[in-house]
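Q: Coordinates for the following, if possible.
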Amino acid sequence: MKSYLTFEPGVPELEEFAPHCWVHVECPDEDDFIFLTKELGIPREFLSDIADIDERPRAEREDDWLLTILRIPMDGGGPGMPYQTVPLGIITGHRATVSVCYRRTQLLPDFINHIRRKNIGIANQTEFVTRMIYSSAVWFLKYLKLMYLEINRAEKELELSIRNEDLLRIMRLQRSLVYFSTSIRGNEAMLGRLRTTSRASSVDPDLFEDVSIELRQAYNTINIYTDIVTSMMDASANIISNNVNTIMKRMTSISIVLTIPTMISSFFGMNVNVYLGEWYWAFLGIFCVSVVISGVAFYLFRRIKWF
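A: All right, here's what the predicted structure looks like:
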């Protein structure tokens, strides 16, 4: 699905394509491919690169078109990935500016709504890419706040009982943090490239500074959360190991306590003459002796805190 917008204040939407407009394409279909490749002349390799879910942030020029790939965050990455990042391709040229994303995200509609609400005008294509990086940094921070709430929730549940589901949830969050960290570093490198190549352009230097601050804040937040998750996993592993040791000590103690009467009864159950065989109270006496010895063993194990 594609839409046509302009870079005028408020990015008003157009009914059809016009030169130098912004062509926004989300979840492209075959008609969108035909329009981009046949009518605009965008290289098909660019669209294939954007479709690669593992494509890293980079820039590539071919003919009159410049492809800039960024990584933007999104939620709902599947059962094994609560949050993930996907490539966003921004193709700039003399005829138009084209943004292509193969996933439906909250970032792009929010970016358009924000510009319309603030009535912001975009001066050139470099500023457009810079503002898109800024929006990605803002959304990284939004998702990091949600991840922090999930980390706190998982930590409280681990305090009550350690379950596999809680540990797997933390592992998924840890994996998402790794993807976030890699994507932010790539976007930061792209921002540095834009700043280097646009010194003579009309992009506001304060905008570059704001974007850089947001990216650094997101990256530092990720490092903090990664340390928290790592410490939680280490603490959980230590607790599990300690619980296993405690259970093994208790099982060993129970086995020893139960072995004592079994051993005594085995001696007196042999098919040989026993001097207590004719005594009327023999069974009761042997039973009491077994109970006393087992009780002493139980007391000793309680003293060394094996029970």
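
Q: Is L146 within a helix or a strand, and which one?
A: Here L146 sits within helix 125-160, counting by DSSP states H and E.

Q: what about M190, which SS state?
A: Three-state call for M190 (DSSP: H, G, I helix; E, B strand; the rest coil): helix.

Q: Could you confirm P73 falls within a strand?
A: Yes - P73 forms part of a strand when assessed by three-state DSSP.

Q: ok, now which ones touch it?
A: The contact partners of P73, taken as CB atoms under 8 Å, 6 or more residues apart in numbering, are Y83, Q84, T85, T105, L107, S136, W139, F140, Y143, F180, S183. Placement of C-beta: from N, CA and C, glycine included.

Q: One more pass at 6 Å, please.
A: Shown in contact with P73 (CB atoms under 6 Å, 6 or more residues apart in numbering): T85, W139, F140, Y143.

Q: For the third one, which non-adjacent residue is spatially closest?
A: If you skip the residues right next to it in sequence, F140 has A218 as its closest partner in space, 4.3 Å away by CB to CB, 6 or more residues apart in numbering.

Q: What residues of the helix holding L146 count as buried?
A: For helix 125-160, a neighbour-count test (16 or more other CB atoms under 10 Å) marks 125-144, 147, 150-151, 154-155, 158 as buried.

Q: again, but for stretch 181-193
A: Neighbour counts over stretch 181-193 (16+ other CB under 10 Å) mark S181, S183, I184, R185, G186, N187, E188, M190, L191 as buried.

Q: what does stretch 110-123 give?
A: Buried residues in stretch 110-123 (16+ other CB under 10 Å): F111, I112, I115, I122.

Q: Distance to W22 added to those residues, as a markdown table?
A: Compiled in a markdown table, the buried residues of stretch 110-123 are given as follows (distance: CB to CB, whole Å):
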| residue | distance to W22 |
| --- | --- |
| F111 | 11 |
| I112 | 10 |
| I115 | 10 |
| I122 | 8 |
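
Q: Filter these down to the ones in helices?
A: Counting by DSSP state H, the buried residues of stretch 110-123 place F111, I112, I115 in helices.

Q: ok, so of the residues you listed, who is nearest R58?
A: Within those, the smallest distance to R58 is 21.1 Å, found for F111 (CB to CB).

Q: For L88, see how far away the closest one is.
A: Here the criterion is CB to CB, to the nearest Å. By it, F111 lies 10 Å from L88.

Q: can you give me the helices for the protein?
A: Counting by DSSP H, the helices of the chain are 30-34, 44-51, 107-118, 125-160, 164-197, 205-268, 282-303.

Q: Tell me which other helices or strands the second one touches.
A: Helix 44-51 makes packing contacts with strand 83-92 when contacts are defined by 3 or more CB pairs under 6 Å, 6 or more residues apart in numbering; DSSP states H and E.

Q: hmm, 8 Å instead?
A: Packed against helix 44-51 by the contact rule (3 or more CB pairs under 8 Å, 6 or more residues apart in numbering; DSSP states H and E) you find strand 58-62, strand 65-75, strand 83-92, strand 97-101.

Q: got it, and the fifth one?
A: Counting contacts by 3+ CB pairs under 8 Å, 6+ apart, helix 164-197 packs against strand 58-62, strand 65-75, strand 83-92, helix 125-160, helix 205-268.

Q: What of the third one?
A: Counting contacts by 3+ CB pairs under 8 Å, 6+ apart, helix 107-118 is packed against strand 22-26, strand 65-75, helix 125-160.

Q: residues making contact with that helix?
A: By CB under 8 Å, 6+ apart, the residues outside helix 107-118 that reach it are 5, 10-11, 24, 26, 72-74, 88, 99, 101, 120, 122, 131-132, 135-136, 139.

Q: for the second one, same thing?
A: Contact with helix 44-51 is made by 28, 33, 36-37, 55, 60, 62, 65, 67, 69, 87-89, 91, 100-102, as judged by CB under 8 Å, 6+ apart.
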